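Novice: Next input, structure requested:
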Amino acid sequence: MKPCSSQQTKIINIFTSWRFLFFLIWKLPMGFFAGLRVKVLDKTQCIVTVPFNFLNKNPFNSMYFAVQAMAAELSTGALAFLHQNNNNISMLVTNLESNYYKKAVTKVRFICNDGGNIANALKIAQETNKAQKCIMISKGYDMSGVCVSEFKITWSLKKRKQA
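Specialist: Just a heads-up that it's a prediction; the model follows:
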């Protein structure tokens with residue numbers, strides 16, 4: 001892949017610094033309360049962490065599934081946002097499938113390595129003016145490295161009509 005553009009570098013700096021807290025408060029307030037953090041963001045992968053705490057747990061003393069889904073979606077959406085390159089592209093989650101393998105009772109890291117897939121889909125959507133679908137996978141690992149959940153998130157990408 002080509003090196004990051006200045007716009008992409010700016011996005012990476014926002015998502016991986018203290019500025020991200022302001023982004024969460026402004027755009028994703030529930031993510032702020034859940035404690036979502038982007039630990040790594042580059043052109044190929046995104047790693048998002050979410051702590052296990054009082055606000056995130058269910059009555060069964062494990063992490064609430066919706067908190068895991070929020071972190072998984074952010075790990076895919078940050079990559080989509082990074083590769084959008086100021087193009088006028090509409091991005092929408094059209095499907096979400098999940099599998100849960102173990103109770104999440106520690107901090108969970110969600111890893112998505114589909115940066116190349118979303119970059120290609122965005123490029124095709126921009127060039128052809130046709131809607132594209134991109135399926136991205138995000139896996140959640142607990143602090144001992146065990147996969148606790150896996151999400152398959154389908155993004156619909158379409159170039160917006162010019163006014």
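
Novice: in this protein, which ranges drop under the pLDDT threshold?
Specialist: 1-3, 163 (pLDDT under 70).

Novice: now the strands: where do they sit in it?
Specialist: 37-41, 46-50, 89-100, 108-112, 132-141, 147-159 (DSSP state E).

Novice: how about those strands in CSV, adding distance to Leu28?
Specialist: Backbone N, C-alpha and C define where each C-beta goes, glycine included. Listed next are these as CSV, based on distance: least, Cβ to Cβ, whole Å:
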stretch, distance to Leu28
strand 37-41, 11
strand 46-50, 11
strand 89-100, 13
strand 108-112, 15
strand 132-141, 16
strand 147-159, 15
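
Novice: between the lengthiest helix in the chain and strand 132-141, how big is the angle?
Specialist: When every helix of the chain is counted residue by residue (DSSP state H), the longest turns out to be helix 65-83. Comparing the axes of helix 65-83 and strand 132-141 via axes from the mean of the first three to the mean of the last three Cα atoms, to 10 degrees yields an angle of 130 degrees.

Novice: Report the buried residues of helix 65-83.
Specialist: Going by neighbour count (16 or more other Cβ atoms under 10 Å), the buried part of helix 65-83 is 67-83.

Novice: swap in stretch 148-162?
Specialist: 148-151, 153, 155-159.

Novice: now stretch 52-63
Specialist: Neighbour-count burial for stretch 52-63 [16+ other Cβ under 10 Å]: 52, 56, 62-63.

Novice: Just the terminal-to-terminal distance for it.
Specialist: 6 Å (Cα to Cα, to the nearest Å).

Novice: Would you pull up how far it lies from the middle of the chain?
Specialist: 21 Å (Cα atoms, centre = their mean, to the nearest Å).

Novice: surely Leu41 meets Thr76?
Specialist: No - under the criterion of Cβ atoms under 8 Å, Leu41 is not in contact with Thr76, lying 11.6 Å apart.

Novice: gap between the longest helix of the chain and the chain center?
Specialist: Worked out by Cα atoms, centre = their mean, helix 65-83 lies 2 Å from the chain centre.
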